[in-house]
Every structure is written in C-alpha cells, then in structure tokens.
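Q: take a look and give me a structure for this.
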Amino acid sequence: MCPFYQCCKDKGDKHCGNCPKLPCEKFMKDPNFSEEGNEVNLKKMIKNLKYAL
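A: I've put the predicted structure just below:
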C-alpha cells in the first residue's frame, strides 16, 4: 500500500496537506533531480498539498 495513503487513512485525513509533520520522512528525494532540484520540487509539492481540496 502507498505509504502516503496509509498514513492519511490512519489519521482520518483525505491528504497530507494539513499534517504538521509535512514534509516528513515519507517524502523521499527523487534521484532524477539534483539536490537543488529536489528542494524546489519539494516546495512545489508542499504548496500543492496545502491548497488541495
């Protein structure tokens, strides 16, 4: 099972955008991006999650 789905299901949330631990250890670095690219990508993902319905 997807670790994101399981975590949200366990907490009763639809998504992890409201989690105070975001970003957590479940957010792994994408090997296709540089260190700087990963940082930019992570910020974009967090912003999208915070505004998800």
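Q: now tell me what touches the lengthiest helix in the chain from outside.
A: Longest helix of the chain, by residue count under DSSP state H: helix 35-50. Contacts of helix 35-50 with the rest of the structure, by Cβ atoms under 8 Å, 6 or more residues apart in numbering, involve 15, 16, 17, 18, 22, 23, 27, 29, 30, 33. For glycine as for every other residue, the C-beta is placed from the backbone atoms N, C-alpha and C.
Q: list the buried residues of that helix.
A: 38, 42, 45, 49 (16 or more other Cβ atoms under 10 Å).
Q: which of those lies closest to residue 10?
A: Each of the buried residues of helix 35-50 was checked against residue 10 using Cβ to Cβ; the closest is residue 49, at 17.0 Å.
Q: for residue 34, see how far away the closest one is.
A: 22 Å (Cβ to Cβ, to the nearest Å).
Q: please apply the same query to residue 23.
A: With Cβ to Cβ as the criterion, residue 23 and residue 34 are 18 Å apart.
Q: neighbour count for the two, which is higher?
A: residue 23 (13 against 10; other Cβ atoms under 10 Å).
Q: so who does that one touch?
A: 42, 46.
Q: mind checking pLDDT for it?
A: pLDDT for residue 23: 84.
Q: for it, give its distance to residue 32.
A: 18 Å.
Q: and residue 5, what does it touch?
A: Residues counted as contacts of residue 5 (Cβ under 8 Å, 6+ apart): none.
Q: which helix or strand contains it?
A: Under the criterion DSSP states H and E, the helix or strand holding residue 5 is helix 3-11.
Q: quick one: buried residues of that helix?
A: Per 16+ other Cβ under 10 Å, helix 3-11 contains these buried residues: 7, 8.
Q: one more: stretch 23-31?
A: Residues of stretch 23-31 classed as buried: residue 27 (neighbour count, 16+ other Cβ under 10 Å).
Q: need the distance between the two termini of that stretch.
A: End-to-end distance of stretch 23-31 (Cα to Cα, to the nearest Å): 17 Å.
Q: next: stretch 14-22.
A: End-to-end for stretch 14-22, by Cα to Cα: 14 Å.
Q: now what about that stretch, what contacts it?
A: By Cβ under 8 Å, 6+ apart, the residues outside stretch 14-22 that reach it are 4, 7, 8, 11, 13, 24, 46, 48, 49, 50, 51, 52.
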